[in-house]
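Visitor: fold the following, please.
(3 chains)
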Amino acid sequence: MSGSDPKGRVSPAKGLDVPALRRDLLDWFDRSGRDLPWRRRRTPYRTWISEIMLQQTTVAAVQPYFQAFLERFPDPAALAAASEDEVLALWSGLGYYRRARLLHQAAGVVVRERGGALPDSAEEWASLPGIGDYAAGAIASMALGERVPAVDANARRVLLRWVCAGPLEADGISPRELRALAEELVDEGRPGDWNEAIMDLGATVCAARIPRCRECPVLGHCRAGLGGRAEQVPAAMPRPGTVRIMLAALVIRAGDAVLLVPSGAPRVGLAPRGAEVFRSDFSSLNRGCWGPPTTDWFREDETVAWDPAQVWGPYLASLGLPSLTAGSFLAAGTVTHTITRHRLGIRVFALDLPTGGGGDPEFIKKDLTGAIFPVYPEGRGQRAIGQGDPVTPPLSRMATKILACGIKAGG
DNA sequence: AACTCGTGGCG
DNA sequence: TCGCCAAGAGT
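Guide: Just a heads-up that it's a prediction; the model follows:
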């Protein structure tokens, strides 16, 4: 099954006409490659930021974040000098917040241990936090011209389709063999363009579902495509099923301020009767981001009643707030949100505290070691909730949804 | 080595 | 509505 090069060594190229394949794909890339912000001006730093943001994230979602991030942090020194909170605030809504924390850590390493100079080889890049084999290869090839592959899910799918007629064959190819194939194929003169071309092909033509083989510039080189079995390669990996979860969140407002607590803070609020705790440790979820206080996550059936006074009463009493009746709470509605495989139903309650008395924001801040931030009602000045305000802690999208629900219901 | 970590879009 | 997918890395 393996081809051989002119010196007779076994080659992993599996009979591909490598020169013709390179020419056909790069010609297509020159004609049809995507025009993306990080390609307009190629620098190692810009490539680094874009590659981290693009992990498991669509191009459309990344674009506005990329622009704002580079404006605020134009170089590694600026990024390293910022607080983690500020980095996370610019990441808010993008998801996978660990990426932002590792990026910030890596900038610190670059400044402290390398005098601010970014690595100049894939091997050195791979030693930085948050940089794996893929990102190291992508940055080194695209921004430094090093002849290394960048094997992400796109490249893996494209290469397997080229050399395998069906899913069983693809299943027989080890990660080592795939890596060897990828290394052999990288164009000597244009390694970065080659890697980008494979990813563009995978994103726009050689898609995971419903590949558009009739539009493919390299169909003639593709065993799976020529056999009409591209969609079956590689075989889908089994995934854990989704889990339905319920929780409640409390939006405590005092004037134009809202109470926020760190995402890893202990949950507050009692379990509704009949609900089974699914998860109570959130130390690794949305780490570094803030949001309104919430309960644990519960499994429940439809009959469970969430009485806000019962759920939140003891918590509020522990803060020394005056006793509150059920009428003090506003049932703001239910928000749905998905976090990886968890489908959340969030019952949002709002509670207005009188300002100027025992329940003013400073009082809350002191007793909860939480933070407060101003609320901007929807439509006023076109500002999202808390976004862009220097006192605003980083928020996850989940927190933003909860706040929007509570604020909207409150008028 | 399986599991975790966010979010939005699409068929 | 729902499952699948997207420029992965760390543990």
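Visitor: which other helices and strands contact the longest helix belonging to chain A?
Guide: Of all the segments of type helix in chain A, defined by DSSP state H, the longest one is helix A:98-114. On a contact count with 3 or more C-beta pairs under 8 Å, 6 or more residues apart in numbering; DSSP states H and E, helix A:98-114 meets helix A:44-53, helix A:76-81, helix A:84-91. Every residue, glycine included, has its C-beta placed from N, CA and C.
Visitor: which elements pack onto the next helix-or-strand element following that helix?
Guide: Where DSSP states H and E defines the elements, the next helix or strand beyond helix A:98-114 is helix A:122-125. The criterion is 3+ C-beta pairs under 8 Å, 6+ apart, and the helices and strands that helix A:122-125 contacts are helix A:133-144.
Visitor: just for the stretch 1-150 of chain A, where's the confidence low?
Guide: Along the stretch 1-150 of chain A, the parts satisfying pLDDT under 70 run over A:1-11.
Visitor: 50 instead?
Guide: A:1-9 (pLDDT under 50).
Visitor: what's the closest of the helices and strands packed on helix A:98-114 to A:Gln63?
Guide: Among the helices and strands packed on helix A:98-114, helix A:44-53 comes nearest to A:Gln63, with 9.2 Å by C-beta to C-beta.
Visitor: anything in the closest one near DNA strand C?
Guide: Yes: counting by C-beta under 7 Å from any atom of the strand, DNA strand C has neighbours in helix A:44-53: A:50-51.
Visitor: returning to that earlier point: please identify the deepest-packed of the helices and strands packed on helix A:98-114.
Guide: Mean neighbours per residue, mean count of other C-beta atoms under 10 Å, is largest over the helices and strands packed on helix A:98-114 for helix A:44-53, with a mean of 22.
Visitor: which other helices and strands contact that one?
Guide: helix A:37-40, helix A:59-72, helix A:98-114, helix A:133-144.
Visitor: who wins for proximity to A:Ser284 among those?
Guide: Of all the helices and strands packed on helix A:44-53, helix A:98-114 comes closest under C-beta to C-beta, at 8.4 Å.
Visitor: what's the angle from the helix or strand A:Met199 falls within to helix A:133-144?
Guide: Under the criterion of DSSP H and E, A:Met199 resides in helix A:191-204. Here helix A:191-204 runs at an angle of 120 degrees relative to helix A:133-144 (axes from the mean of the first three to the mean of the last three C-alpha atoms, to 10 degrees).
Visitor: what comes up buried for helix A:191-204?
Guide: For helix A:191-204, a neighbour-count test (16 or more other C-beta atoms under 10 Å) marks A:191-202 as buried.
Visitor: stretch A:127-144 now?
Guide: Neighbour counts using 16+ other C-beta under 10 Å place A:128, A:130-131, A:133-144 of stretch A:127-144 among the buried residues.
Visitor: and it with DNA strand B, contact?
Guide: No: Stretch A:127-144 stays clear of DNA strand B (C-beta under 7 Å from any atom of the strand), getting no nearer than 11.5 Å.
Visitor: need the contact list for the residue in the stretch 301-411 of chain A that DNA strand B sits nearest to.
Guide: Proximity of the stretch 301-411 of chain A to DNA strand B (C-beta to the nearest atom of the strand) peaks at A:Arg397, 3.0 Å away. For A:Arg397, the contacting residues are A:92-93, A:95, A:337, by C-beta atoms under 8 Å, 6 or more residues apart in numbering.
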